[in-house]
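Student: predicted coordinates and the sequence they were generated for:
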Amino acid sequence: MKKISVLIPCYNEVENVELMAMAVTNVIQEALPNYDYEILFIDNCSVDGTREKLEAICAKDKKVKAIFNVTNFGQFNSPFHGMCQTTGDCTISMCCDFQDPVEMIPTLVAEWEKGHKVVSCIKTSSKESGIIYFLRSCYYKLIKGMSSVRMIEHFTGFGLYDKTFISILRQLDDPIPFLRGIVAEYGTGFNMVEIEYTQAKRRAGKTKNNFYSLYDAAMLSITSYTKVGLRIATLLGFLSSAVSILIALFYLILKLTNWYGFQAGYAPLIIGVFVIGSIQLFFIGLLGEYILNINTRVIHRPLVVEEKRLNFEE
């Protein structure tokens, strides 16, 4: 009997974890009765009672497992680590807030049985804020144009992954894994198929996404999968230097040919200082993001540090 693993990362989802466990269980038992299954919650140090709920759920149902992290390791490390701890023939990763439709599980499994070892779910529309969806669309098109890897637009990680792909993830040894980029880079070699869906509204609780988390995701993708930022900095640096030299020569010639009559004033000096200075500061910041990425990889801390595991006795 084949085994399906369902990974559900969570952080402060006290209102959703129990209903999510019930919904996933019901869908698998009713639509996929010929499969064994496990449901793995990985909690990123919740402080709202989510852990107490998970302990109660795991005590009632041994097919529900849980990993508690000692602190919040971010939106990328925790789900990646959880996927590497699953034991099924395939792993389905989905959010705990019901924005990833639970009823799609049988569809994902059906595609997997057809031979697709990676099934990526792509948002074609969303019931979230229209402005947020528009900004996400702009980001995906930007990163897609900058990256040498074929990035997948509106792919959040929701999908199914065969155990052979999970074994690849275990071998990567990446301290800051960006799953969306990894799937885009290696997925085609696993007969990947894309399935469209409409993202629902969060069932309960508040979203954990904010400007910082979205910025962090954008910078991780840019510094991990693009060289364009550094190349633009280099080319723009050469261009700025060339323009500055030409302007300097122009003013020097004017001054030498009309020493007493030519007065440039402060305007060219002020404009030059502010324009060149702003360009330098922007690219120093961008270089800092690349250096931060390198520094994190060199330090090579563990993906997560676990505090406790539930129902892993077998």
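Tutor: Now that the structure is in, tell me what you want to look at.

Student: now do the SS call for Ser125.
Tutor: Local secondary structure at Ser125 is given as strand here, using DSSP: H, G, I helix; E, B strand; the rest coil.

Student: what about it, how many residues nearby?
Tutor: 12 (other C-beta atoms under 10 Å). In this view, the C-beta of every residue, glycine as well, is placed from N, C-alpha and C.

Student: mind checking how far it is from Tyr161?
Tutor: 24 Å (C-beta to C-beta, to the nearest Å).

Student: isn't Gly82 right up against Leu40?
Tutor: Yes: under the criterion of C-beta atoms under 8 Å, Gly82 makes contact with Leu40 at 6.0 Å.

Student: overlap in contacts of the two?
Tutor: Leu7, Ile67 (C-beta atoms under 8 Å, 6 or more residues apart in numbering).

Student: for this structure, identify the residue most remote from the centre.
Tutor: Tyr260 (62.0 Å; C-alpha atoms, centre = their mean).

Student: I'd like to know how far that residue sits from Tyr251.
Tutor: From Tyr260 to Tyr251 the distance is 15 Å (C-beta to C-beta).

Student: go on, Lys123?
Tutor: Taking C-beta to C-beta, one finds Lys123 at 54 Å from Tyr251.

Student: of those two, which one has the most company?
Tutor: Per other C-beta under 10 Å, whichever of Lys123 and Tyr251 has more neighbours is Lys123, with 21 against 14.

Student: which pLDDT value goes with the more buried one?
Tutor: Lys123 carries a pLDDT value of 85.

Student: OK, contacts around it?
Tutor: His154, Phe155, Thr156, Glu196, Tyr197, Thr198, Gln199.

Student: now it: how far from Val183?
Tutor: Taking C-beta to C-beta as the measure, Lys123 falls 15 Å from Val183.

Student: just to be sure, Gly237 is in a strand?
Tutor: No: under three-state DSSP, Gly237 falls outside any strand and is assigned helix.

Student: burial of it, as a residue count?
Tutor: Gly237: 14 surrounding residues under other C-beta under 10 Å.

Student: I figured it hits Ile284, correct?
Tutor: No: Gly237 is beyond contact range of Ile284, at 11.2 Å (criterion: C-beta under 8 Å).

Student: ok but Val119 is inside a strand, no?
Tutor: Yes: counting by three-state DSSP, Val119 falls inside a strand.

Student: just the pLDDT at the residue nearest to it when sequence neighbours are not counted, thanks.
Tutor: Using C-beta to C-beta, 6 or more residues apart in numbering and skipping residues adjacent in sequence, the residue nearest Val119 is Leu160, 4.1 Å away. pLDDT for Leu160: 96.

Student: all good on my end, thank you.
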